[in-house]
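**Student:** need a structure here:
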Amino acid sequence: MCNVENQKGKSEGLLDQLTSDSSSFSGVVIGIGLIGIILIEPVIRVFLPQYLASIVLYRILMIGLIFERISYFAGTILISNRKQFQLIALLLPLSAVAVLLNLVALKLGWGLYGIATATSVVMLFYAMAKFGLALRVMNAHSLGFVVTLYKKYIVLVVFMIPVLVLAPSHLYLIFPLFLLFYLKENTRLFKKLKAGLAL
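**Tutor:** Residues are numbered from 1 along each chain as shown. Alright, predicted model coming up:
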């Protein structure tokens, strides 16, 4: 991602670049994340069976971490334009939101699962806020691409949650859905990698 000051009058091109790069990156991040979510159970069962109870917590936190990782390029824009202190400023209100959600989860009796869920929700808020700040730096005021970027992943999560709760050993069934949803993004990334290797 580039410095906006060097690209004055080109905010639309920068937005297109952010959309394209983030979209391609999301296919990789979600794919790797899903592999981790699926494979954690057999790995723990074989090598660390004493930690079986932590599998669900890991999976919940991974869902939130994927939300946050997809916003990588938005964070890069902020850093390359010397706006990284805005990221630090984001942590203050989000820490308050995290505390509030944790208290609500504990009050409802959800225990560690509630705390993990609250943490994942805060990661989503942090990712969305990063995109909002990056758009402001780029002088682009549309959040439509953020919705486009996350909507397929949110649908995946909606499908994933019942499987996580009712049949966690069948999570691999989510992977064909991922391949269907992210075929375009992964094909685009493969073409970019192929072109880069050909140079």
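
**Student:** any weak-confidence spans in the protein?
**Tutor:** 1-13, 141-143, 196-199 (pLDDT under 70).

**Student:** ok, now with 80
**Tutor:** Low-confidence segments of the chain (pLDDT under 80): 1-17, 19-20, 84, 140-146, 148, 185-186, 188-199.

**Student:** Run through the helices of it in chain order.
**Tutor:** Ranges of helices in the chain, per DSSP state H, are 11-47, 55-70, 72-80, 84-107, 111-137, 144-166, 174-181, 183-198.

**Student:** Adding mean neighbour count, write these out as JSON lines.
**Tutor:** Just so you know, the C-beta spots here come from the backbone N, C-alpha and C atoms, and that holds for glycine as well. Converted to JSON lines, these look like this (neighbours: other C-beta atoms under 10 Å):
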{"stretch": "helix 11-47", "mean neighbour count": "17"}
{"stretch": "helix 55-70", "mean neighbour count": "20"}
{"stretch": "helix 72-80", "mean neighbour count": "19"}
{"stretch": "helix 84-107", "mean neighbour count": "13"}
{"stretch": "helix 111-137", "mean neighbour count": "19"}
{"stretch": "helix 144-166", "mean neighbour count": "15"}
{"stretch": "helix 174-181", "mean neighbour count": "15"}
{"stretch": "helix 183-198", "mean neighbour count": "12"}
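
**Student:** need the contact list for the residue positioned nearest the centre of the chain.
**Tutor:** The centroid of the chain falls nearest to Phe67 when counting by C-alpha atoms, centre = their mean (1.8 Å). By C-beta atoms under 8 Å, 6 or more residues apart in numbering, Phe67 lies in contact with 120, 123-124, 127, 150, 153.
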